[in-house]
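Enquirer: Predicted model follows, preceded by the sequence.
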Amino acid sequence: MSGSCRWGEWRAERGKKARELLDTFETIFSTALVGFLKFNVGHNISDILMMESNRGVHLVQVVDVMVDVRKLSYIKARNTKKKKKKKQQQQQQLMEGEGTGVKVYSNDMELGEQKVGGTSRQGTKLAGIMGGALLEQSEEEVAKLGLTYKIETMGCQMNSADSERIEGQLMSLGIRPLIDDERNNSSDEEEVTTTTENNDGLFQETKTIRKSKKKKPDIIILNTCSIRDHAEQKVYSYLGPHAKRKRDGEDVTIVVAGCVAQQEGQSLLRRVPEIDLVMGPQYANRIGDLLEDVANGNQVVATEASHIMEDSTKPRRQSSVCAWVNVIYGCNERCTYCIVPTTRGVEQSRPVESIVDEVSELVNQGFKEVTLLGQNIDAYGRDMIPKRKFSDLLKIVGSVPGLERLRFVTSHPRYMSLGVVDAVADTPTACEYFHIPFQSGSNSVLKAMGRGHTREKFLQIVDRVRQRLPDAAITADVIVGFPGETEQDFLDTLDIMEKVKFDTVNTAAYSPRPNTPAADWDNQLSEEVKQDRLHRINELVLQHATERRARMMDRVVEVLVEERNVKVPTQVMGRTTHGYIVYFDGDIDELRGELVNVKIDRCEKFYLAGKRTDEPVQ
């Protein structure tokens, strides 16, 4: 495509303010910019190019000025006759009022009716919500539309935090979460047949009753993870029933978010054309804007690189005690097995002030524990001017008045400084817990992985932890069966585990991921070898986990109570500063969010149990 065509498309996608800015820019740099569009399309954001024009020599920097959301230009006209008839009846009811007290809307957007190219089609409840949002409709009026959502989250803590932000955006629009086992109103019923028999089994009686149907969500959001193998297949399997709902004429909006969405992009629409919105992780706090485009009748793919803006809406926290707080997004590493940099983009550190404000607000709301999140948290601040250190951020956040506990994940041995260990040791609120994935104990495998560190560097960090915080918990991630891994390489991994004795290790057999270098190598290991090594390493994980928790027997530990024990309702569940789960008898309504001293009398592989005590922490 010629530079002039790309220029025309770019201008067409921007609004009035953007066009004014570009017209001014064109007057000064027209020659340089056209030359850039023609010959330098492949450059990345932040690249700086030297170009010549009739006005002299210019330095041109590639900047992400606005969000570039690709809207597919066709309208989804998939409503069946059944849906059309139903919607026409609903619209007639709205227009006539029918004594329901529903406001009679005065424009097409409020009604949810879309006009495109001189034709109109019946809209959706989503269009009604978004139209109401644009017109500053009251909460009561929005609530009458009764729009609900359900979100399913796969993967890591970053995805959990993203889901909380997505939910916050939806609730700010008046869209509420669907309650489990919620039923429709009495006008929407189904027949349920029950059969009974007498004591001797000779007589049967059949009854048919009418029961309101179980309500289904109007908006389905699947927040996906692409780390493990078969991630894409799991997504398609999950979407199947919801796509069928749409094909059957139901009014449902389907959203695929997260890493698989970023990885697959428009190909998701080709596989499942019923999807309304595909959005990468960087758009988690912009779902309201994207749903507005969906309400206008578009299928939207939002996977372009974008600067992650601060979000003014409040996340819908899944806990009232512990909260996630993002401090850095993305990852600049290029590990040969990992798809995260492709799906989550480049590193973007949040301002210290924004982080402190969020933590302070959480404390004011009654939260006791905060976990700072980052795909590579030790890289925090290296993209800032002037640069900042994560160890300094730990001290600053740890000193927020009223905060009881502070955690952080995930560390990278390549960037984790010994100063981070010292910051944890010197900050009273920082928990004695470190999650440091080392991935392999073999230097040759680490080099092939592109990890940028050695086993010696990792053990140096562990030594500092044991020196400053002898009782600290250390957990990790490990991959076995990486391409080219020999038996000796695997034994080196077992050796490092014996040296450290981790409290927990998340293990995985290597699985090729799309768009990663290692996936194309010809030295792949057989599934038999990978599964054998996974079995052997998991046995060692269980052994060490048992040993590490056994040292807690008869000790008094401080437990932050989080929730009820779902298996034993008379017990509560909380965690120690080490991250160990502890169960003990208690009333959750009385103890939620409280710090309680518990004397441990039972140690299992992955949890502890005990009794409340007035004895001091040992």
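Expert: Nice, I can see it.

Enquirer: make it CA atoms for all contacts and neighbour counts henceforth
Expert: Will do.

Enquirer: just for the chain, where's the confidence low?
Expert: 1-145, 181-213, 227-231, 305-316, 342-343 (pLDDT under 70).

Enquirer: mind checking how far the spatially closest residue to residue 396 that is not a sequence neighbour is from residue 325?
Expert: Nearest residue to residue 396, sequence neighbours excluded (CA to CA, 6 or more residues apart in numbering): residue 356, at 7.8 Å. Distance, residue 356 to residue 325, by CA to CA, to the nearest Å: 10 Å.

Enquirer: ok, now residue 549?
Expert: Counting by CA to CA, the gap from residue 549 to residue 325 is 28 Å.

Enquirer: what residues does the host helix or strand of residue 358 touch?
Expert: Following DSSP states H and E, one finds residue 358 within helix 352-364. Helix 352-364 has contacts (CA atoms under 8 Å, 6 or more residues apart in numbering) with 310, 323, 325-327, 370, 393, 396-397, 400-403.

Enquirer: do the same with stretch 219-237
Expert: 147-156, 159, 163, 242, 252-261, 263, 272, 338-340, 511-513.

Enquirer: try 6 Å this time
Expert: If you take CA atoms under 6 Å, 6 or more residues apart in numbering as the criterion, stretch 219-237 is touched by 149-155, 252-260, 511.

Enquirer: Would you write a PyMOL line that selects the buried entries of those residues?
Expert: To isolate the buried members of these in PyMOL, using 16 or more other CA atoms under 10 Å:
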select buried, resi 149+150+151+153+154+252+253+254+255+256+257+258+259+260+511
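
Enquirer: Filter the contacts of stretch 219-237 down to the ones in helices?
Expert: Counting by DSSP state H, the part of these found in helices is 259-260.

Enquirer: Among the contacts of stretch 219-237, which ones are in strands?
Expert: Of the positions in these, 149-153, 253-258 sit in strands, assigned by DSSP state E.

Enquirer: Can I get the helix holding residue 358 in PDB, CA atoms only?
Expert: Provided in PDB are the C-alpha atoms of helix 352-364 (Å, rounded to 0.1, in the frame of the first residue of the first chain):
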ATOM      1  CA  VAL A 352       5.100   6.400  42.300                       C
ATOM      2  CA  GLU A 353       2.500   9.000  43.200                       C
ATOM      3  CA  SER A 354      -0.300   7.000  41.500                       C
ATOM      4  CA  ILE A 355       0.800   3.800  43.200                       C
ATOM      5  CA  VAL A 356       0.900   5.400  46.700                       C
ATOM      6  CA  ASP A 357      -2.500   7.100  46.100                       C
ATOM      7  CA  GLU A 358      -4.100   3.800  45.200                       C
ATOM      8  CA  VAL A 359      -2.500   2.000  48.200                       C
ATOM      9  CA  SER A 360      -3.600   4.800  50.600                       C
ATOM     10  CA  GLU A 361      -7.100   4.600  49.300                       C
ATOM     11  CA  LEU A 362      -7.200   0.800  49.700                       C
ATOM     12  CA  VAL A 363      -6.100   1.200  53.300                       C
ATOM     13  CA  ASN A 364      -8.800   3.800  53.900                       C
END
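
Enquirer: so what strands line up beside the very next helix or strand once past it?
Expert: Where DSSP H and E defines the elements, the next helix or strand beyond helix 352-364 is strand 369-374. Strand pairing for strand 369-374, determined by DSSP bridges: strand 322-329 (parallel), strand 405-409 (parallel).

Enquirer: will you turn these into CSV that also has distance to residue 287?
Expert: CSV is the format used below for the strands paired with strand 369-374 (distance: least, CA to CA, whole Å):
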stretch, distance to residue 287
strand 322-329, 17
strand 405-409, 26
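
Enquirer: Using JSON lines, please lay out those together with mean neighbour count and distance to residue 584.
Expert: Below are those laid out as JSON lines (neighbours: other CA atoms under 10 Å; distance: least, CA to CA, whole Å):
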{"stretch": "strand 322-329", "mean neighbour count": "22", "distance to residue 584": "19"}
{"stretch": "strand 405-409", "mean neighbour count": "22", "distance to residue 584": "21"}
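
Enquirer: what about those, which gets the closest to residue 284?
Expert: Proximity to residue 284 (CA to CA) singles out strand 322-329 among those, at 11.7 Å.

Enquirer: Quick check: chain neighbours aside, which residue is closest to residue 473?
Expert: For residue 473, the closest residue by CA to CA, 6+ apart turns out to be residue 433, at 4.8 Å.

Enquirer: got the contact list for that neighbour?
Expert: If you count contacts by CA under 6 Å, 6+ apart, then residue 433 has 472-474, 578 around it.

Enquirer: Between which two of those residues is the distance greatest?
Expert: Maximum pairwise distance in these, criterion CA to CA, is 8.5 Å, between 474 and 578.

Enquirer: of these two, who's got more company?
Expert: residue 474 (22 against 18; other CA atoms under 10 Å).

Enquirer: what is that one paired to in the beta sheet?
Expert: With DSSP bridges as the criterion, residue 474 is bridged to residue 434.

Enquirer: May I have stretch 287-296 as PDB, with CA atoms only?
Expert: Extracted C-alpha coordinates of stretch 287-296, given in PDB (Å, rounded to 0.1, in the frame of the first residue of the first chain):
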ATOM      1  CA  ILE A 287     -13.500  -1.700  27.900                       C
ATOM      2  CA  GLY A 288     -16.200   0.900  28.300                       C
ATOM      3  CA  ASP A 289     -15.000   2.800  25.200                       C
ATOM      4  CA  LEU A 290     -14.700  -0.400  23.200                       C
ATOM      5  CA  LEU A 291     -18.200  -1.600  24.200                       C
ATOM      6  CA  GLU A 292     -19.500   1.700  22.900                       C
ATOM      7  CA  ASP A 293     -18.100   0.800  19.400                       C
ATOM      8  CA  VAL A 294     -19.800  -2.700  19.800                       C
ATOM      9  CA  ALA A 295     -23.100  -1.000  20.700                       C
ATOM     10  CA  ASN A 296     -22.800   0.900  17.400                       C
END
